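Asks: sequence and predicted structure below; questions after.
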Amino acid sequence: QVQLVESGGGLVQAGDSLRLSCAASGRTPFSTLAMGWFRQAPGKEREFVAAISVTSAAYYADSVKDRFTISRDNTKNTVYLQMVNLEPDDTAVYYCARSRLPYATYATRNYDYWGQGTQVTVSS
């Protein structure tokens, strides 16, 4: 059974920073699969934010490039999303997901396990 548990969300002001964490557990070694972050704002579709491959190659949505950084610590089975200069449009529930593949990808169909989500709210 794979479990992904996100943490680190909260209410911040525009321009602030947050770091999200996602702790993974399961039989498949964490280091062998890519991980991703997605988000869903009220009334909108879930959208890709960032992904990281097994070699730590990162891939970002254009809307967060240069503001968000994804990283992973295979010794802790954890993936992180460092977010700086947050904007009100970043307000959403953020989900961590485990890919079926070793390389980073934006397509939700390539992710087979999802966390429960953590709320990020950015006030103006």
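Replies: Nice, thanks for sending it over.
Asks: and the pLDDT at the residue nearest in space to the middle of the chain?
Replies: The centroid of the chain falls nearest to residue 37 when counting by CA atoms, centre = their mean (2.3 Å). Residue-level confidence at residue 37 comes out at 98, pLDDT.
Asks: show me what it bridges to in the sheet.
Replies: residue 50, residue 96 (DSSP bridges).
Asks: quick one: contacts for it?
Replies: 20, 22, 49, 50, 51, 70, 79, 81, 94, 95, 96, 97 (CB atoms under 8 Å, 6 or more residues apart in numbering). Glycine gets a C-beta too; all of them are placed from N, C-alpha and C.
Asks: CA atoms only for the strand or helix carrying residue 80 - export them in PDB, please.
Replies: Secondary structure from DSSP states H and E places residue 80 in strand 78-83. Provided in PDB are the C-alpha atoms of strand 78-83 (Å, rounded to 0.1, in the frame of the first residue of the first chain):
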ATOM      1  CA  THR A  78      10.300  12.800   0.800                       C
ATOM      2  CA  VAL A  79       9.700  15.300  -2.000                       C
ATOM      3  CA  TYR A  80       9.600  19.000  -1.400                       C
ATOM      4  CA  LEU A  81       8.100  22.000  -3.100                       C
ATOM      5  CA  GLN A  82       9.800  25.300  -2.200                       C
ATOM      6  CA  MET A  83       7.600  28.200  -3.100                       C
END
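Asks: who's in contact with stretch 39-48?
Replies: 36, 38, 49, 61, 90-95, 106-108, 117, 120.
Asks: let's see it at 6 Å
Replies: Applying CB atoms under 6 Å, 6 or more residues apart in numbering, the contact partners of stretch 39-48 are 38, 49, 61, 92, 93, 94, 106.
Asks: return the set of buried residues in it.
Replies: 39, 46, 48 (16 or more other CB atoms under 10 Å).
Asks: got it, and stretch 82-91?
Replies: Quick answer for stretch 82-91 (16+ other CB under 10 Å): 83, 86, 90, 91.
Asks: just the terminal-to-terminal distance for that stretch.
Replies: 15 Å (CA to CA, to the nearest Å).
Asks: what mean pLDDT does it get?
Replies: 98.
Asks: who touches it?
Replies: Under CB under 6 Å, 6+ apart, the answer for stretch 82-91 is 12, 14-19, 67-69, 121-122, 124.
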